[in-house]
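Chemist: Build me a model from this:
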Amino acid sequence: MAATATATAATTSAAGRVLVVANRLPVTAAVKPDGTLSFKPSSGGLVTGLSCMRGSRELLWVGWPGVVPPEAEAAAGQQLRAMGFHPVLLSLALSDLFYEGYCNGALWPMFHSMPMFSKTEDNEYKAYVEANEAFAEAVCEVYRPGDSVWIQDYHLLLLPHELRRRLGHSVAIGFFLHIPFPHADVFRLLPHHSTLLESVLQADFVGVHTMDYVTNFATCMSRVCGVTPVAGRAVVPTEAGGHLIQFAALPLGIDFERYHLGAKTEKAQALAANTRRHLGVEKIVFSVSRLDYTKGVPHCLRAMNAFFQTNPEWVERLTLVLVVVPSRTRVEKYAELKKEIERLVSEINGQLGTLLWSPVIYMYRSLGFDELLALYACADVGLIVPLRDGMNLCAKEYVAAHADGQGVLVLGNLAGAAHEMLEAVIVNPNSAESIVKGLKEALEMPGPEQEARNKDMAKRLETNDIHAWTAAFMQNLEETLAMQRQMAVNHLDAAQADKLVQAFHNARSRLLVLDYDGTLVPFSDMPSGAVPDEDLISLLGALAALPMTRVLILSGRDRLTLAAWLGKVPKLRMAAEHGCYSWTGTEWEVEESVMANTTWKSVARSRMQETEKLLAGSLIEEKEFSIVFHYRACTSQSATFSLDRGKVTKAVLALRSALQSTLSGLPVQITDAKEALEVKAFGASKGAFFLRLLHKLEDDPDFVFAVGDDNTDEDVFEVCEGHNACHTVRVGFCASKATHNLFDHNEVRKLLRRLLQS
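Modeler: Purely as a prediction, here's the structure:
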């Protein structure tokens with residue numbers, strides 16, 4: 001039988017803390033020459049973002065403070081705990097194999113879809129396992145019932161499993177991946193990929209930056225773990241039963257006010273003015289990134305060279321300020337990358353530069369906050385063109401510094417930020433021609449257009465800042481936990497299923513009323529894609545062949561489709577268009593109670609067509625007694641495009657309102673289905689058809705099983721209410737008149753197979 005979720009509902013308390021578990025603490029420890037310890041702030045957007053997390057819940061960081069000599073570990077631990085941090089102390093040898101080895105040698109390139117740079121050594125993977133175990137032990141040392149654990153990034157993919165093993169299913173676990181999640185074909189190249197993914201699926205809620213990454217994550221769940229995700233959630237089989245997990249795209253924001261207001265300070269403005277005066281050029285292009293092959297710095301430099309070659313009028317009028325922040329300097333690949341960058345800078349300056357002008361000002365160091373703000377503020381163009389980037393906060397910081405002024409962001413289309421910053425000049429980082437074209441567009445863009453674009457992006461960044469991101473993540477985690485609790489109460493568990501099966505076998509007359517889409521088969525982006533597989537055909541045939549058993553498919557599908565898909569199953573009864581037509585076994589009969597006048601359809605169609613033009617991926621399905629507006633593909637995980645869910649919801653609500661107004665007084669009903677809006681003839685009701693069927697039956701069934709997944713099935717559940725012979729199940733977890741829930745069509749099929757067992 002389908003797995004139960006009774007044992008897998010995590011609990012949190014409003015007074016519980018949030019344990020943020022990250023590879024790095026917000027501070028890094030160092031030993032001074034005199035043997036004493038010093039602590040300096042760690043760099044990175046994650047540290048900056050979570051350090052300003054707002055809310056009533058206490059925050060406790062758990063992470064690595066950097067390499068601490070064994071003789072200083074006790075003192076370091078004491079001082080860090082006094083600062084509100086709980087350290088995970090790793091030896092130099094372990095940290096090298098774990099961080100420089102497996103994390104950055106195997107995972108980083110693979111997750112950035114660059115498998116040619118990925119290498120996996122057995123000793124490095126063992127170190128990764130050992131380090132994750134050390135993090136788990138550290139969490140267990142401070143964990144209290146009611147705490148939530150928020151795990152950060154690819155360094156700790158095995159931590160959800162380790163925490164479940166130690167703390168059980170009562171601990172609430174969130175996981176956020178700050179780098180891209182790769183396509184399944186790339187992910188499966190990674191040794192131990194199934195172990196890593198199975199561990200992540202033991203979290204309660206998983207967040208990634210973009211819908212592209214959501215799509216890849218969902219595909220890997222299915223292809224690697226055999227778990228079928230539905231609308232951002234899935235039930236993962238466990239020894240204890242089934243574990244509900246949800247996942248979503250939550251793009252990381254910045255501390256907008258810090259950059260916006262900081263760029264306006266007298267100090268930042270003075271530094272910006274001095275920089276512009278010193279460079280003495282008409283336009284300044286600024287590019288900043290960490291030293292890494294994913295950041296595309298050589299590509300950027302080659303494009304700049306091509307720009308000057310094809311646009312000689314900008315020679316001596318424009319300077320690129322290129323800042324590369326040192327990173328992983330001990331790794332040979334990075335040392336070679338640094339040499340390549342410096343060679344390209346030298347070539348450009350040597351070929352084009354003059355005594356008074358350098359095309360490229362190159363800095364290989366970190367920038368202080370004031371210095372960074374000044375460069376953001378004085379730059380006419382921000383050039384951010386990584387080959388692959390999970391998000392890229394520099395792009396957002398640049399716009400925040402120009403929120404109410406001029407300045408143009410040129411952004412690579414493979415940065416996660418490109419999904420949000422639609423007003424930027426979007427370019428292909430692998431094409432010098434595309435970058436050159438984008439840079440020229442940016443330099444020639446009129447001032448009012450620059451201001452308008454920045455204003456729109458800044459408004460979005462201010463709304464979706466770091467505080468909104470943290471709040472959204474915690475809200476999603478809490479909603480998942482609430483759903484788990486509901487699931488634990490309403491889910492048809494093994495004991496209840498045993499009783500249902502026993503009642504089925506004890507009955508003298510049995511009736512099974514089965515919805516189709518979302519109940520017996522998964523939803524498809526296109527209605528024509530939900531074709532029954534051979535397993536379902538065989539299952540329905542076996543059930544319909546049982547003595548004293550009637551099997552009815554009660555669906556909103558049109559009659560021709562149902563007949564083509566299921567018409568050859570012997571003894572199977574069918575009702576199409578919510579009961580407007582019933583199948584006799586040889587032909588369809590129309591129900592007399594349905595209003596046959598459908599002249600209203602042309603009006604409904606016209607309204608739907610207006611909305612169809614606004615929403616790419618939507619479609620209109622016309623049946624004899626109804627017309628349906630489908631919008632599932634608009635936000636689908638498998639779509640090549642993906643519209644903002646808020647935009648889709650707003651458009652559908654507007655359509656619903658227009659239909660209600662236009663069709664008022666006509667014999668129609670407007671109903672909401674799963675990501676569809678349907679207008680149907682008055683009298684087209686599954687509940688009404690089911691009630692008529694019960695009255696027509698020669699014998700009164702003493703076992704009725706009704707299962708469906710959307711609001712159209714609630715009418716059937718309502719008819720069944722109060723009847724001991726009726727057993728009702730809603731697929732999915734939401735308020736329902738059904739007595740129990742199952743998660744998806746797989747669980748429904750498992751239950752139906754049990755009915756065949758004697």
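
Chemist: Now for the chain, the helix or strand with the poorest mean pLDDT.
Modeler: Sorting the helices and strands of the chain by mean pLDDT, DSSP states H and E puts helix 45-51 at the bottom, at a mean of 60.

Chemist: So which residues make contact with the next helix or strand after it?
Modeler: Downstream of helix 45-51, the first helix or strand assigned by DSSP states H and E is strand 59-64. Residues from elsewhere that reach strand 59-64 (CB atoms under 8 Å, 6 or more residues apart in numbering): 17-26, 50, 53, 84-90, 95, 135, 138-139, 142. From N, CA and C alone the C-beta is placed, and that goes for glycine too.

Chemist: do that again at 7 Å, thanks
Modeler: 17-26, 53, 84-86, 88, 90, 138-139, 142 (CB atoms under 7 Å, 6 or more residues apart in numbering).

Chemist: now it, how far from the centre of its chain.
Modeler: Shown here is strand 59-64, whose average C-alpha point lies 25 Å from the average C-alpha point of the whole chain (CA atoms, centre = their mean, to the nearest Å).

Chemist: partners of that strand in the sheet?
Modeler: Using DSSP bridges, the neighbouring strands of strand 59-64 in the sheet come out as strand 18-24 (parallel), strand 85-87 (parallel).

Chemist: ok, and which of those strands has the densest surroundings?
Modeler: Across those, the average number of neighbours (mean count of other CB atoms under 10 Å) peaks for strand 18-24, which reaches a mean of 24.

Chemist: Quick check: end-to-end length of stretch 344-358?
Modeler: Stretch 344-358 stretches 13 Å from its first residue to its last (CA to CA, to the nearest Å).

Chemist: That stretch - what's its average pLDDT?
Modeler: Summarised as a single mean, pLDDT over stretch 344-358 is 96.

Chemist: What lies in contact with it?
Modeler: Everything outside stretch 344-358 that qualifies as a contact, by CB under 7 Å, 6+ apart, is P298, L301, R302, M304, N305, F308, V315, E316, T319, P359, V360, Y362.

Chemist: ditto for stretch 221-233
Modeler: Taking CB under 7 Å, 6+ apart as the criterion, the residues outside stretch 221-233 that touch it are 184, 188, 193-194, 197-198, 201, 218, 234, 236, 244-248, 522, 744, 746.

Chemist: What's the end-to-end length of that stretch?
Modeler: 11 Å.

Chemist: quick one: contacts for L691?
Modeler: L691 is in contact with V719, counting by CB under 7 Å, 6+ apart.

Chemist: quick one: low-confidence parts of the stretch 501-650 of the chain?
Modeler: Residues of the stretch 501-650 of the chain that meet the criterion pLDDT under 70 lie in 595-596, 635-646.

Chemist: in the biggest helix by length in the chain, what counts as buried?
Modeler: Looking across the chain with DSSP state H, the single longest helix is helix 466-490. For helix 466-490, burial by neighbour count (16 or more other CB atoms under 10 Å) applies to 466-470, 472-474, 476-478, 480-481, 483-484, 486-488, 490.

Chemist: Helix or strand next in line after the helix or strand encompassing K338, which one?
Modeler: When elements are assigned from DSSP H and E, K338 belongs to helix 332-352. Tracing the chain past helix 332-352, the next element assigned as helix or strand by DSSP H and E is strand 360-364.
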